[in-house]
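*Asks:* when you get a sec, could you give me coordinates for this:
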Amino acid sequence: MARYTGPKTKISRIFGEPILGNGKWLTKNSNPPGMHGEKRKRKTLGEYALQLREKQKAKYTYGILEKQFRKTFEEAARRRGVTGENLIKLCEARLDNTVFRMGIAPSRPAARQLVSHKHIEVNGDVVNVPSYQLKAGDVITIKEGSKGRTSITSVVRAKNPKFSWLDWNETELKGTFITYPERESVPENIKEQLIVELYSK
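*Replies:* Residues are numbered from 1 along each chain as shown. Predicted structure coming up:
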């Protein structure tokens, strides 16, 4: 199953944001990555470069590779409403992202692993596809046989009130994908309009 497995801190430093986890190194060294980063000056990015960077940021944030991201964009364009907002909604409705948002896993890669290893059920059925698109009302639970694993249950967190489109009960280890989130509710710093402009060329 394809996924990015390279250095996470390097990617975070490229964008200047902790998009792949811990951001403690971002303030320590503001130079561009690489052995010559200290001597290299950051260039002013052109229109295309800004659009491409924003797409790359979205892909790394949600752990999606190019082919699948393109398909997600095409689906967003087919739906009613603003294409950029639809794109964010579809990314947020992925099963691995929802498992992460609910607090079942500490990060999106960890959530992806939980799903891939068949620890997660949707509406009572085991689903091992991280990109599975959830619909309003879908119920997400940890598989009965996995509830006894401390490696899984020890990292489960309480519901985050910021994510109003999700319901999660850490005692029952059961949650519900209530609806697609509104763009202003999603905390990710992604300028989706630049992605739309890039794919519209």
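
*Asks:* what is the end-to-end distance of stretch 158-171?
*Replies:* 9 Å (CA to CA, to the nearest Å).

*Asks:* got the buried residues for it?
*Replies:* Buried residues in stretch 158-171, counted by 16 or more other CB atoms under 10 Å: 159, 163, 165-166, 168. In short, each C-beta sits where N, CA and C put it, glycine included.

*Asks:* got the contact list for it?
*Replies:* Outside of stretch 158-171, the residues within contact range by CB atoms under 8 Å, 6 or more residues apart in numbering are 92, 98, 101-103, 156-157, 174-182, 185, 187.

*Asks:* on that earlier part again, got the buried residues of stretch 158-171 as a markdown table, with secondary structure columns?
*Replies:* Below are these laid out as a markdown table (DSSP: H, G, I helix; E, B strand; the rest coil):
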| residue | secondary structure |
| --- | --- |
| 159 | coil |
| 163 | coil |
| 165 | coil |
| 166 | strand |
| 168 | strand |
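
*Asks:* once you drop chain neighbours, what's closest to the most centrally placed residue in the chain?
*Replies:* Centrality entry for the chain: nearest residue to the mean C-alpha point is residue 62, 2.8 Å, by CA atoms, centre = their mean. Once flanking residues are discounted, residue 62 sits nearest to residue 91: 4.7 Å by CB to CB, 6 or more residues apart in numbering.

*Asks:* and that neighbour, what does it touch?
*Replies:* If you count contacts by CB under 8 Å, 6+ apart, residue 91 has them with 58, 62, 64, 72, 97.

*Asks:* and which of the residues you listed is nearest to residue 147?
*Replies:* Proximity of the contacts of residue 91 to residue 147 (CB to CB) peaks at residue 97, which lies at 21.8 Å.

*Asks:* surely that closest one is in a helix?
*Replies:* Yes. Under three-state DSSP, residue 97 sits within a helix.

*Asks:* the helices in this structure, which residues?
*Replies:* Ranges of helices in the chain, per DSSP state H, are 8-15, 47-62, 66-78, 83-92, 95-102, 108-116, 150-153, 192-199.

*Asks:* need the ones you listed in CSV with mean pLDDT and distance to residue 137, can you?
*Replies:* Below are the helices of the chain laid out as CSV (pLDDT from 0 to 100; distance: least, CB to CB, whole Å):
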stretch, mean pLDDT, distance to residue 137
helix 8-15, 78, 34
helix 47-62, 94, 22
helix 66-78, 96, 20
helix 83-92, 97, 16
helix 95-102, 96, 13
helix 108-116, 94, 19
helix 150-153, 89, 25
helix 192-199, 96, 26
